[in-house]
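**Q** Got a predicted model here, sequence first, then my questions.
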Amino acid sequence: MQPKILNQRYEIEEKIGDGGMAAVYRGRDIRLNRVVAIKVLHAHHATDSNFLQRFNHEAQVAANLRHPSIVDIYDVGREDRFHYIVMEFVDGSDLKSLILRYKQLPVQQVLQIGSAIAEGLDAAHQLGMVHRDVKPQNIMVTHDSTAKITDFGIAKSGLSTAQTETGVTFGTADYISPEQARGQSATAQSDIYALGVTIYESLTGQLPFTGDNAVAVAIQHVSSKPPPIRRHNPNVSPALEQLIMRALAKNPADRPSTAKEFARLLRAQEESEVRDTAPLQPRRKPTNNGRSSTSISGSIRNMPPKRSTITSPLPSRAGREFGGFLLLMLLLTLAMAVIYLLFMGPLNTLIQQGPSSVAPLNTETVQRTASIDTSAPVAPTAVVRNVPDIRGQTEANALTLAAQAGLNAVAAPAQSSDTVARGLVIEQRPAPGASDNTDNTLVYVISLGRAGLTIPDSVIGQTVESAKGTLESLGLQITFVNESSALVAAGSVIRTDPVVGSKITNTDPVRVYVSIGQNASVPVLTGTSEAEAIDLITRAGLTYGATDYQDCTKLGDLCDRIQVGTVASSDPAEGALVPLGTTVNIGVRQDP
């Protein structure tokens, strides 16, 4: 049983939540006289020294996070065997409870929540921290629909030296990313995936994958395609469905590049969505101490009612008469069809038997019968097609050649090949030059390239030269990308895309991100709009300073090459390597 007051400062009032890792209590900071939330670890975690070391380190790093969409952490402490975190108290409900209560939340509200959480995650990612357990249970929604993400206690910081034990993957199976399910390290892209699952569930009231156990669900995250969102909720626009499906891509590189980009895309969808549903509205209820507080429970009264089925008004007399006329015509048509079938069946039999088998019914029948050619059918003329050689061709060229020969090209399952490059035809059936008299089908097999290659873990932390030698010895196509890092020494590898451990072929491109230390490269800004340039500067970890609006007098020869309203120059210049936070000024062409 927990003590009533922790370290003579934090008074525990009532339990407000319980999870697999800890129980959460509403409490009060006696010293500052403010309401707080106190998370107390369960006893079985409190005795695990490795877990405690990791938990305390990451919780202290999380305490440095400051963002409107992140629940503030005030303190981390211990009293006897009780380990606890003191954090901001959010007066509202977790998102999971709202989903269970309302099933499908209003689209606009989901977009507001999703974009806010994405911005909060981006703030964490900028500090090298990955949440690793994004889910509705860890998202708090206040009574005015303000959303905050919590539970950074098990987040992974780039500063951490603690390593996840072999075979242990943090995160909940329902929201786990494919790479985490495969046992790989979680990245910022993993958080984007989990947020995508959360938004999917908020819009549909259902998880994209379910199963009898966690393993079955995790396998689906790795290999199965989620059911379309609009199958469950047709109020979701195709564009929004496409965006969420992009966040749920199996390959991290196919997801939005950053949580910040994901937030921007969600906000753009929010602006374009038809606002035909109202957000959850609060109501006041008295509390035990006589003061009023807002309760989300009353908001169900403000949820939009289901639309009633549209029915037609009663028809007029003229309409009823016209309907009767149509019914009569329909019956006559059916009767004529029956007579036709009854009559034409025997008549066709007589015609097929020939005139000698029965006496003619009348002159018309005799004439009709005599006009029928009763000789044996003539076999169709064989069409000889020479099968083209499509081996070594791209799929597009193969389809073109097959169509020119009048053949129907059909793809067989793709196969690995040590000799044929990825995307080219390995083999075909029938063989080239064969004559095809009966079947117009040409089956082809596309190469997946060389199989069995894995990006080795050893490249992480290597110098550029060492990593290049390691990867080129495997025959991989690599591209080096500079990236700022306060954690990895300049000139060493931070990460790869695809991530280390991924199974690839020798034709798959591999991007290797190399640290430039606590520096940043001034991005290419020429030709972008002023707003785009400011966004690029900020995303690069630099600070926007001022804009100098320049006419042709200042620009000189550049004037003919720069469009009005676009960036002509920057200071420092594009590509310059400067310390993070450096101020960048831009020059924008204006009308003469």
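**A** Arrived safely, thanks for sending.
**Q** in the stretch 151-300 of the chain, which spans are helices?
**A** Taking DSSP state H, counting those that start in this stretch, the helices of the stretch 151-300 of the chain run over residues 178-181, 188-204, 214-223, 229-232, 238-247, 259-272.
**Q** if I pick the one residue sitting closest to the centre of the chain, what's in contact with it?
**A** Nearest to the geometric centre of the chain sits residue 247, at 1.3 Å (C-alpha atoms, centre = their mean). Counting by C-beta atoms under 8 Å, 6 or more residues apart in numbering, residue 247 makes contact with 192-193, 195-196, 199, 255-256, 262. For every residue, glycine as well, the C-beta is placed using N, CA and C.
**Q** Next: residue 470.
**A** Applying C-beta under 8 Å, 6+ apart, one finds that residue 470 lies in contact with 456, 458-459, 462.
**Q** Please repeat the previous calculation with a cut-off of 6 Å.
**A** residue 459 (C-beta atoms under 6 Å, 6 or more residues apart in numbering).
**Q** Could you look up the SS state of it?
**A** helix (DSSP: H, G, I helix; E, B strand; the rest coil).
**Q** For residue 513, see how far away it is.
**A** 15 Å (C-beta to C-beta, to the nearest Å).
**Q** Please apply the same query to residue 260.
**A** Taken as C-beta to C-beta, the span from residue 260 to residue 513 is 17 Å.
**Q** got it, and residue 188?
**A** In terms of C-beta to C-beta, residue 188 sits 12 Å off from residue 513.
**Q** swap in residue 265?
**A** 23 Å.
**Q** if you count what's nearby, which of those two comes out ahead?
**A** Neighbours of residue 265 and residue 513, each counted by other C-beta atoms under 10 Å, are more numerous for residue 265; the result is 21 against 18.
**Q** my guess is residue 490 contacts residue 517, does it?
**A** Yes. Counting by C-beta atoms under 6 Å, residue 490 touches residue 517, with 3.6 Å between them.
**Q** what's the spacing between stretch 537-552 and its chain's center?
**A** Using C-alpha atoms, centre = their mean, to the nearest Å, the mean C-alpha position of stretch 537-552 is found 32 Å from that of the whole chain.
**Q** domain parsing for the chain?
**A** Using automatic domain parsing, the domains assigned to the chain come out as 5-88, 94-272, 385-447, 453-517, 520-589.
**Q** and these as TSV, adding mean pLDDT?
**A** Shown next, in TSV, are the domains of the chain (pLDDT from 0 to 100):
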stretch	mean pLDDT
domain 5-88	82
domain 94-272	85
domain 385-447	83
domain 453-517	82
domain 520-589	88
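**Q** what's the most buried one of those?
**A** Of all the domains of the chain, domain 94-272 carries the top mean neighbour count, a mean of 20, counting by mean count of other C-beta atoms under 10 Å.
**Q** Could you tell me the end-to-end distance of that one?
**A** One end of domain 94-272 sits 27 Å from the other (C-alpha to C-alpha, to the nearest Å).
**Q** Once you drop chain neighbours, what's closest to residue 90?
**A** residue 140 (4.0 Å; C-beta to C-beta, 6 or more residues apart in numbering).
**Q** Show me what the host helix or strand of that neighbour pairs with in its sheet, parallel or antiparallel.
**A** Using DSSP states H and E, residue 140 falls within strand 139-142. Here strand 139-142 is paired, per DSSP bridges, with strand 92-94 (antiparallel), strand 147-149 (antiparallel).
**Q** Make TSV out of those strands and add distance to residue 538.
**A** Converted to TSV, the strands paired with strand 139-142 look like this (distance: least, C-beta to C-beta, whole Å):
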stretch	distance to residue 538
strand 92-94	30
strand 147-149	21
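**Q** Bridged to residue 15, which residues?
**A** With DSSP bridges as the rule, residue 15 is bridged to residue 25.
**Q** is the residue nearest to residue 90 in a bridge, and if so with what?
**A** Under the criterion used (DSSP bridges), residue 140 bridges to residue 94, residue 148.
**Q** thinking it is in contact with residue 88, fair?
**A** No. Counting by C-beta under 6 Å, residue 140 stays clear of residue 88, with 9.1 Å between them.
**Q** quick one: residue 497 and residue 511 touch, right?
**A** Yes. Between residue 497 and residue 511 there is a contact under C-beta under 6 Å: 4.4 Å.
**Q** how much space between residue 548 and residue 478?
**A** 39 Å.
**Q** no, scratch that, I was asking about residue 263
**A** For residue 263, the distance to residue 478 - C-beta to C-beta - is 31 Å.
**Q** cool, residue 393 as well?
**A** Taking C-beta to C-beta, one finds residue 393 at 27 Å from residue 478.
**Q** what about residue 418, helix or strand, and which?
**A** Using DSSP H and E, no helix or strand contains residue 418.
**Q** Can you report phi and psi for it?
**A** phi -90, psi -10 (degrees, to the nearest 10).
**Q** With the one 5 residues further on instead?
**A** The phi/psi pair for residue 423 (degrees, to the nearest 10) reads phi 90, psi 0.
**Q** If you drop the residues flanking it in sequence, what lies closest to it?
**A** Using C-beta to C-beta, 6+ apart and skipping residues adjacent in sequence, the residue nearest residue 423 is residue 394, 6.1 Å away.
**Q** which residues does the one you found bridge with?
**A** With DSSP bridges as the rule, residue 394 is bridged to residue 424.
**Q** can you check residue 463 too?
**A** residue 492.
**Q** residue contacts, residue 249?
**A** Taking C-beta under 6 Å, 6+ apart, one finds residue 255 in contact with residue 249.
**Q** so how far is residue 502 from it?
**A** Distance from residue 249 to residue 502, by C-beta to C-beta: 14 Å.
**Q** again with residue 104
**A** Taking C-beta to C-beta, one finds residue 104 at 36 Å from residue 502.
**Q** phi, psi of residue 416?
**A** Dihedral angles (degrees, to the nearest 10) for residue 416: phi -80, psi 150.
**Q** Touching, it and residue 445? I think so.
**A** No. Taking C-beta under 6 Å as the definition, residue 416 is not a contact partner of residue 445, at 10.6 Å.
**Q** Do me a favour and get the backbone dihedrals for residue 399.
**A** phi -60, psi -40.
**Q** Identify the residue nearest it in space, chain neighbours excluded?
**A** Going by C-beta to C-beta, 6+ apart, residue 399 has residue 409 as its nearest residue, at 5.2 Å.
**Q** So in terms of bridging, what pairs with that neighbour?
**A** residue 442.
**Q** what residues does stretch 518-528 touch?
**A** 482, 484, 486, 533, 536, 540-542, 566-567, 570, 572, 574, 576-577, 579-580.
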